[in-house]
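*Asks:* Predicted model and sequence follow; I will ask about them next.
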Amino acid sequence: MAGLATTFGSGAMTNSINELDHAQVVLVSGSNTTEAHPQVARRIYGCVDRGAKLIVIDPRRTKIARYADLHLQLRPGTDIPLLNGIMRSIIDENLVDDLFIEMRTENFFAMRDMLLQIDLDQVAATTNVSKCMIRQAARIYAQAQRSVICYCLGVTQHICGTSNVQSYANLAMLTGHVEQEFTGVDPLRGQNNVQGACDMAALPNVLPGYQSLDDPGVRNKFKQSWGVELPKTQGVTLLDMTHGGSVWSEGFEQLPEPIRAMYIMGENPMLSDPGIKHVEATLRDLDFLVVADIFLTETAVLADVVFPAASFAEKIGTVTNSERRVQLMNQAITPVGNSRTDDKIIAGIASRFGYDMEYESSAEIMEEICLLTPLYGGMYHDRLKGSWGLQWPCSDRTHDGTQYLHKYSFTRGRGRFEPGDHVEPAEPLSEEYPFLLITGRAYHHYHTGTMTRRSHTLVREHDRPYIDMHPEDGKRLGLQRGDMVQVDSRRGTCNFTVKLTDQMAPGELYCDFHFHEAPVNTLTISCSDPVARCPEFKICAVKAEKVAL
Amino acid sequence: MRDVLSVCTYCGCGCGLYLHVENNQVVGASPSRNHPVSRNNLCVKGWHVHEFIHSPDRLSDPLVRKDGRLVPVSWNEALDVAAAGLKGVKERYGPDRIGVLSSAKCSNEENYILQKFTRAVLGTNNIDHCARL
Amino acid sequence: MTGRYLLAKDHLVPLLRKIAKSNRLVAPVLNEYGDTLFSHITDLDSAAIDLAHQPQNSLKSFFFPQTEKLSTYLVEKSPKTGNVRYNFYPHTVENQPTAYVGVRSCDMFAVMYTDMTFLHNGERDNYYQKRRDNAFFITLACNHPFPNCFCNATRSGPFLELGYDLQLTDLGDRYFVETGRSRGMKIVEQMGQFFKPASEADRREQFQLALEARGLFQRNVHVELASKILQEQDEPVGIISELSSRCQDCAGCAYVCPTCTCFNIADLPLDEESGERIRSWDACTFAGFSKMAGDHNPVQCESQRVRKRFLHKLLHDVAKHGRPSCVGCGRCVDICFGGVDIISFVDRVVKTIDHCRDVD
Amino acid sequence: MAGIEFQKQERQNKHQVGPFRQENIYLPHPAIIREIITENETVSTFVLEFEDALYRQEFTYKPGQFLMVSIPHQGEAPISISSASALTTTFALTVRKAGKLTGAMHGLSMGDVVGIRGPYGRPFPMGDLEGKNLVFVAGGIGMAPLHSALFSCLEHRQKYGAITVLYGSRNPDEICFSEEMKSFEQDENVKCLLTVDEAGDNWQGHVGLVTELLDMISIDPGTSKALVCGPGIMIRFVIARLESLGMQAPDIITTLERHMKCGVGICGHCHFDEKLICSDGPVFTRDELTNLENI
């Protein structure tokens, strides 16, 4: 979310999901919305039925793309040149919102100068999207009063993810499509509480509510409440932890010393992280590993201590959705077996360190969050109970929450244009590895499948790892529907059942990472965006061949 | 049968759903008609969210590695071992050699508690989660 | 013999309290979130019985739960021969008389419809039957149909002529009560203190309401005409493919439908030696619904599955049971944001005949 | 009039009260595997007998009916009975290794136990077949239900006219009941023609589709009945060929296969237009099937 943070000052969905109902133009990028965010797709269907225009930017011809007025089927990894092309067209056709730029933004001239260098023919060649389509997209997006951009991991999971996001933000600012109801830039979050985990500062560089680690006032506030001095140095990111600090030399003055012990709560890096072999080596090499989870995951089997955790149905707590809505989950049943909620587990360890973390209830924890986090200042459980939740920022008990962000001004003051340039994918295709592999999610499963693969209905619907391939490629490789195909990258090998579909462009493959039988992240590269540290999951070079039975 | 309102755990939409509970077992799930996001709708994952909860694979007891194998132990023992292990590394290498992964599938309260534990008890900012994955 | 009585509105809760002494109560309850669901009522005083809104769930899950254990199985290996013994132990359904209160005509009709599948189809489903035998229905005639209702078009409402034990009609300050099956009569006899005989004027008032209710439907859905067209014309391939392109494959339509009773049976191993055989709701819109061993699937694509659903409801069940298996409750309209619902289908099918007429 | 006879039989069957009409229709009964006959690499015949002596005695079935078979931890699947309805207490299922359940079944050995419910479904109209020339047309594992009917007929050979068996298989190795098929070569009671899609080195017989075998025999449409079973596409082509040879729809009998969960007409999985394969079928005459598209 670093992209939006640098341009707008806040890395969250600027609108509410319901506002999409009233959009006139929706630009969807890198999101298989109908499958991954059905409730967002529903709004898009609704507003398109009422006459709105839909532009989809995606290398795959997904269901939502079939439904679009304009589908820009770009070559993967060319978002930045495509958007630069669109923005150049907007300038050419004089559709720029001068007043908005003047009043609300900075660094426009650098942006304009860069755009004036753009050659549309070259953009068309790089992106594989025709000039005519680019111009049309520019007109449709810029001319409407209320245009919304929705993007998902197809934009961020690139080596240039931050720059990609900034490009979308640039586009929105260029045409004044932010800061209002029904128009904005909306990243769709993949997991149920990604937003909340960020808000609660499960991040190495901020304190809860994105408060600065360096601000003496903030530090003092936390010190008073927690009774200890807070550590000063910024922490390391997930990939630095799970890759033994070995592959992340760039960006660090000196190699960080490798992690020796880990506590992992409800995560399964052994499937979800790129370069699994590195992850496994790192985790095996740890002096001590503690995992708390509801199932014995691929990660948990490597642990020294495994705690049985309670599932969402077994606890009271809040989660924050994509549109910043903090909602209360009620407890349906008592914890299964002898499992405990994670806060109780952590409190148990803390007490053995001589630190008291016993809370009467999760409501009491939330009271502490309210006290220390202005963003969540009014999120008391009693307010959330019997309601549909509140959208942050919500400063105190009297605040009703915030439907859309950046009203009247950006969180950071002025929105900043960040010109971006095309970055070639980290791993180019070659004769030996001629296919471009895109990874993502499937409709019936969730993340590493620890939950969905134990749901008999979902398993029946989708029971094994599939790979999508264009029928022409299939024909060339002698593949028929249901054949097994072996996919190799420079790092690993996986076997899939092939699905031939014209959703894919020739030369591109798509698979999901839900199945431990085909650990897709043995194939993916460990390169990541230097700022956001988001791995380039969306592109790697592979070869494919039929598996003889 | 009781109907308990919860939030779907399967994506960032945050759909409101009812868990149908009978004899401390979740036997079904259905959407909430008036929820502002889901408005009476769930996707296929939401409709079947109850199916994993009582899976026999659910971990029931804490496990500790003994002679290379994970064996069930009491909570007290597991917490002792976990605390001792973390303490040992902290003392030997310093707090910044401990890493903590939090979860985008856990509640805000649990995330808050884990980052507080990391910062206040372990004494490091080495905490992250899989937002980028 | 149908009796006609009056029940003062103030006496409804006292009557239910008496009934609750020997029955479990299920009624529409308005919860703190503003949703109305059919729920078990454990405390009559705290539950907000809501007879003003259509409950978002039907009674289906009370007779045919979303998931239900059918049996437990044990697989024992004989240490001597190495051979396996394999036995099933049926799960017994808990057996408790239940009064369903405030049931709308469509939902009552749907229960009668599912009886055909579970009980009158040659074989009797004993899990369903136990629950059904214990059911007592106090229905509520619909004076004011809801926005998506079209039970007039499916001939399953808004007032019922049979199926109920007691039917209530809201006459403002009092309910007009009709006794249907003998058990209803018995209640009136046992709890005579609550009931007064109704006059001819009361009865006329009810008739008048029934008449008016028919005019209050906001939807005009030509279900029977659509069935007829489907019988007589070629399959509406275009309509089906148009609708199926927006099917989300969520099964919501089948799950909320009070007459959709397809189910899956699956074995869930508990450990190596035992497991449970459960059944759970299933939907014909799922690809796995008809997938056979070796991945062969006679109902291959999305449009064929959507076809299956609509034609089953409006064509095949008409051939089998003489009426469509839709009771006009409108729930699938509300739940599908893709607009792949029975009203869109019927509307589109009916338009094809208009088109023909134009050409003629 | 054949149709009426068929319906009568069906009605009788529906109201038949046997030992398996019981309180809980979903409860399987343990049956022991007495013998496993390997037909070929992927197909085996399992000879079964109920554990319980009472069931063993009273269990009866008719050709064309199927059983719901439970395999430990794998669930349940419908499988046609392949044995003739002779008066023994054993019965046989011929199973191809296709999915998880059938795969697990192939892992079982003699003495192991499976769960059985049934028999279910409408059988072949054996009464209607009497006095007729019979043509059995099978493809692959589709031979299993026809095997039951065929051997029932052979038990009362004198009741029927000429009996012809046309059997197509993907390759010579996948022919089921190959011993019996071979024995027909010397048997004047049965004329048997085999064909394969792909011939191996040792195959001297016909190569091609099973429809081609129909051209090698003569069928008198007025006095014949055809029983057809195999993959959907094969059934479609064979029926079309039989019709072009002048056979009447009521004389063409087929048996269909579908995913099933209950076997008794409740679960809805085997809906095939207005019919339920499990309780209205699996045996149908051609005139009962309006739409052959998705069989």
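*Replies:* Nice, I can see it.
*Asks:* mind giving me the domain ranges of chain B?
*Replies:* Taking automatic domain parsing as the reference, chain B has its domains at B:2-52, B:59-93, B:95-133.
*Asks:* Compare these and report which one is nearest to chain C.
*Replies:* If you check each of the domains of chain B against chain C by Cβ to the nearest Cβ, domain B:2-52 wins as the nearest, at 3.2 Å. From N, CA and C alone the C-beta is placed, and that goes for glycine too.
*Asks:* can you give me the offset of the closest one from its chain's centre?
*Replies:* Domain B:2-52 sits 17 Å away from the centroid of its parent chain (Cα atoms, centre = their mean, to the nearest Å).
*Asks:* Report whether that domain contacts chain C.
*Replies:* Yes: Domain B:2-52 reaches chain C (Cβ under 8 Å from any Cβ of the partner chain) through B:2-3, B:5, B:16, B:18, B:20, B:27-35, B:39-44, B:46-47, B:50-51.
*Asks:* Helices - which of the residues you listed land there?
*Replies:* B:V44, B:G46, B:W47 (DSSP state H).
*Asks:* Of the residues you listed, which is the nearest to D:D201?
*Replies:* Distance to D:D201 across these (Cβ to Cβ) is lowest for B:V44, with 50.1 Å.
*Asks:* How about the closest one: what's its closest non-neighbour residue?
*Replies:* C:C250 (4.9 Å; Cβ to Cβ, 6 or more residues apart in numbering or on different chains).
*Asks:* for A:G85, same thing?
*Replies:* A:V123 (3.6 Å).
*Asks:* tell me the phi and psi of that neighbour?
*Replies:* Main-chain dihedrals, A:V123, degrees, to the nearest 10: phi -60, psi -50.
*Asks:* Isn't it up against A:D79?
*Replies:* No: in this structure A:V123 lies outside contact range of A:D79 using Cβ atoms under 8 Å: 11.5 Å.
*Asks:* So for those two, which residue has more residues nearby?
*Replies:* Set side by side, A:V123 and A:D79 show more neighbours around A:D79, with 29 against 23, by other Cβ atoms under 10 Å in any protein chain shown.
*Asks:* Hmm, A:T282 is touching A:T242, no?
*Replies:* Yes: if you go by Cβ under 8 Å, A:T282 and A:T242 touch, sitting 5.6 Å apart.
*Asks:* and the two? which has more neighbours close in?
*Replies:* Neighbour count, other Cβ under 10 Å: between A:T282 and A:T242, A:T242 has more, with 31 against 25.
*Asks:* mind checking the SS state of C:R309?
*Replies:* Secondary structure state of C:R309, per DSSP: H, G, I helix; E, B strand; the rest coil, is helix.
*Asks:* so what pLDDT did it get?
*Replies:* C:R309 carries a pLDDT value of 91.
*Asks:* hang on, it packs against C:C284?
*Replies:* Yes: using Cβ under 8 Å, C:R309 is in contact with C:C284, at 5.2 Å.
*Asks:* Look at these two and report which has more neighbours.
*Replies:* More crowded of C:R309 and C:C284, by other Cβ under 10 Å: C:R309, with 26 against 22.
*Asks:* ok, now which ones touch that one?
*Replies:* C:R309 is in contact with C:C253, C:A254, C:C284, C:T285, counting by Cβ atoms under 8 Å, 6 or more residues apart in numbering or on different chains.
*Asks:* Narrow the residues of domain B:2-52 next to chain C to just the buried residues.
*Replies:* By neighbour count, with 16 or more other Cβ atoms under 10 Å in any protein chain shown, the residues of domain B:2-52 next to chain C hold B:3, B:5, B:16, B:18, B:20, B:27-35, B:39-44, B:46-47, B:50-51 as buried.
*Asks:* Identify the contacts common to C:R309 and C:C284.
*Replies:* Joint contacts of C:R309 and C:C284 (Cβ under 8 Å, 6+ apart) are C:A254.
*Asks:* who's in contact with the residue nearest to A:G85?
*Replies:* A:P81, A:L82, A:N84, A:G85, A:R88, A:V129, A:K131, A:I134.
*Asks:* ok, back up a step: in a markdown table: the ones in helices among the residues of domain B:2-52 next to chain C, plus pLDDT and distance to B:L79.
*Replies:* Below are these laid out as a markdown table (pLDDT from 0 to 100; distance: Cβ to Cβ, whole Å):
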| residue | pLDDT | distance to B:L79 |
| --- | --- | --- |
| B:V44 | 92 | 39 |
| B:G46 | 92 | 35 |
| B:W47 | 94 | 37 |
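*Asks:* What are the buried residues along whichever strand or helix holds A:T282?
*Replies:* Using DSSP states H and E, A:T282 falls within helix A:276-285. Buried residues in helix A:276-285, counting neighbours by 16+ other Cβ under 10 Å, are found at A:I276, A:H278, A:V279, A:E280, A:T282, A:L283.
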